[in-house]
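Novice: Provided below for reference: sequence and predicted model.
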Amino acid sequence: MEENKNKFNLFKLLQNITLIGLILVIGLITLFATGVLPRTMGAIEFTTMVGLALFGILLILPWANYYNQNRYKILSLVFLIATGICILLWEISTLVVFGALRKDSGSTGILHLVRITLFLSMQVIIASSICSCVIKFYKKYIPFQVVIYLSLAYVDFYLSTLLFGVTIGSGEIGFSSTVKDLLFFNPIVRALMILAVAYLIAFFSIITNSRKRRVRNAILAKDRKLSGDIGLIDMDDDEEEPKAKSNDTEAQLEKLKGMFDKGLINQEEYDAKRRAILEKM
């Protein structure tokens, strides 16, 4: 027990950093909005860098928790390192972009750096989402999972195409005509994108809420068992609880009647036990 107390807890450390970062970002945005702090380029750059780091840590948190619990250690380590690299690339890209803004000059090299950073980040985030979904809902909700994976793949395709269609010409940012025709003016592609995002949100919510309900019911069943209550709780349907308790009560009454008929207990004991069983209903 003492060894567990002294063990380094990466999850709690990242939680504390996230809390501090969140307070800092909210405070800075409030000060900028109220005019207490001037909205200088340096202040906006610092806030952006903190916000990006905070977002990256939020992506890392679930894997840090798995790593601390000695579950999926290799997979957790892979995503911890991959997301850490993404955070580093975000910070470097932020510095480069704001540096170019100070000089008031655009560069194709900067565009390539941001493009590579965003593309790698998308792959890490989507891979992390898929692996997290597999771990949480392994061998359960298979139809929902299939739709989620297909939706994630389509979102990845859409955003990647959008990203690599960005161009810089004459100091202005635009899109290639091919990308415009494919993504913006094609109603089928746009409809599929909207459906993919809608399916992701809806199905993730459905299976997450269903899982929470199952866990809650399991805890309730355990508490009832420990407290000595009669009856069982079905893990999937709360409406089965009264029926299960009724069936169990009937079985106990029949057993008690059988003991009385065999002369194992007298009338007074039979009445007392019967009254106790009925009171527990």
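Specialist: All right, it came through fine.
Novice: distance between the longest helix anywhere in the chain and the chain's centre?
Specialist: In terms of residue count, the longest helix belonging to the chain (DSSP state H) is helix 187-227. How far helix 187-227 lies from its chain's middle: 11 Å, per CA atoms, centre = their mean, to the nearest Å.
Novice: show me what that helix is packed against.
Specialist: Using 3 or more CB pairs under 8 Å, 6 or more residues apart in numbering; DSSP states H and E, the elements in contact with helix 187-227 are helix 142-164. Heads up, the C-betas are built off the backbone N, CA and C, glycines and all.
Novice: send the alpha carbons of the helix it packs on over as CSV?
Specialist: C-alpha atoms of helix 142-164 as CSV (Å, rounded to 0.1, in the frame of the first residue of the first chain):
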residue,chain,number,x,y,z
ILE,A,142,-20.7,-3.3,-32.9
PRO,A,143,-23.1,-1.6,-35.4
PHE,A,144,-22.5,1.7,-33.6
GLN,A,145,-18.8,1.2,-33.7
VAL,A,146,-18.7,0.5,-37.4
VAL,A,147,-20.6,3.7,-38.2
ILE,A,148,-18.3,5.6,-35.9
TYR,A,149,-15.1,4.3,-37.6
LEU,A,150,-16.5,5.0,-41.0
SER,A,151,-17.5,8.5,-40.0
LEU,A,152,-14.0,9.1,-38.6
ALA,A,153,-12.4,7.9,-41.8
TYR,A,154,-14.6,10.2,-43.9
VAL,A,155,-13.9,13.2,-41.6
ASP,A,156,-10.2,12.4,-42.0
PHE,A,157,-10.6,12.3,-45.8
TYR,A,158,-12.6,15.6,-45.9
LEU,A,159,-10.2,17.6,-43.6
SER,A,160,-7.1,16.2,-45.3
THR,A,161,-8.4,17.2,-48.7
LEU,A,162,-9.3,20.6,-47.4
LEU,A,163,-5.9,21.0,-45.8
PHE,A,164,-3.9,20.1,-48.8
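Novice: what are the buried residues along it?
Specialist: Residues of helix 142-164 classed as buried by neighbour count (16 or more other CB atoms under 10 Å): 144, 145, 147, 148, 151, 152, 154, 155, 156, 158, 159, 162.
Novice: ok, residues contacting it?
Specialist: 115, 118-119, 122-123, 126, 129-130, 133-134, 137, 175, 179, 182-183, 189, 192-193, 195-197, 199-200, 203-204, 206-207 (CB atoms under 8 Å, 6 or more residues apart in numbering).
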